[in-house]
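**Q** With the input below, show me the fold.
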Amino acid sequence: MNEIPMQPLAAFAGVAPEGAAGAVIAIEREPGIARLTARNGQLEPLDRLFHQRYGIALPKGPRRARCHQLAVAGIGPESWMMTCEGAGDAFALSLRSAFGGYAAVIDLSAAYATLRLEGPRVRECLAKLVPIDVHERTFAPGDIAQTVAAHMSVTLWRLEQAGQDPPVFEICVGRSFAHSLYRAIRDSAAQFGFEFRPVCRLAIAP
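**A** Purely as a prediction, here's the structure:
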């Protein structure tokens, strides 16, 4: 059986821009991804310890908070998706060490791929893919939604940015669907022109 590569979209890294880049598609490099779920009756001490360690609170509801390269997003009752850029499988181990007495930690780093979308026409591109409204007035920085894109289950969030740059979104999808999602995004962005490139670090709002 062939092993799924750790970089499922690496083959696309050299794709040249097609027209003016109205949308830019990028892939996160070796992100650490984990699910954190509070143990029964341990939410308050978990929240307190989390704040002491990272200086941010666990989000209540479908919101995303960030501390440097680490982010935490509410995805269910007393459950969060956590990501850390470039941390790989070691990320879940560090979370178990820090919070194992208060929460269950599941390593998802090898199960998901994360695509980043940006550019002046990114909202128009997403409007063809997802059944939710991603306009500024309804999907603000830090918002997160579990939805579908081209019939694939995805988690979509909008990054918190410094300055007045065009919006930046990330889509997390099962690794085996990464190529299919890339093709769907590429097709939806074709009329605006698109570019595929490695992720560049953003200026993140404090």
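
**Q** Sort out which residues of stretch 177-184 are buried, please.
**A** By 16 or more other Cβ atoms under 10 Å, the buried positions in stretch 177-184 come out as 177-178, 181-182, 184. Placement of C-beta: from N, CA and C, glycine included.

**Q** Most widely separated two among these?
**A** 178 and 184 (10.8 Å; Cβ to Cβ).

**Q** How about residues contacting stretch 124-138?
**A** The contact list for stretch 124-138 (Cβ atoms under 8 Å, 6 or more residues apart in numbering) reads 22-23, 117, 119, 123, 139, 145, 147-150, 154, 156, 158, 167, 169, 184-185, 188-189, 192, 194.

**Q** now stretch 63-72, how far from the chain's geometric center?
**A** Chain-centre distance of stretch 63-72: 10 Å, with Cα atoms, centre = their mean, to the nearest Å.

**Q** Look up phi and psi at the residue sitting nearest the centre point of the chain.
**A** Per Cα atoms, centre = their mean, the C-alpha nearest to the average position across the chain is that of residue 170, at 4.5 Å. Reported as degrees, to the nearest 10, the phi and psi values for residue 170 are phi -130, psi 140.

**Q** tell me the domain ranges of the chain?
**A** 11-29+111-196, 32-107 (automatic domain parsing).

**Q** how far is the last one from where the chain is centred?
**A** On the basis of Cα atoms, centre = their mean, domain 32-107 is displaced by 14 Å from the centre of the chain it belongs to.

**Q** Do a quick rundown of the strands in the chain.
**A** Secondary structure of the chain (DSSP state E): strands located at 23-27, 32-38, 64-67, 70-76, 79-84, 103-107, 112-118, 144-149, 152-158, 169-174, 194-196.

**Q** low-scoring stretches of the chain, by residue?
**A** Along the chain, segments meeting pLDDT under 70 span 1-20, 162-164, 198-206.

**Q** do that again at 50, thanks
**A** Scanning the chain for pLDDT under 50 picks out 1-6, 11, 13-18, 200-206.

**Q** Could you report the separation of the residue nearest to the centre of the chain from residue 97?
**A** Separation of residue 170 from residue 97 (Cβ to Cβ, to the nearest Å) stands at 26 Å.

**Q** No more questions from me, cheers.
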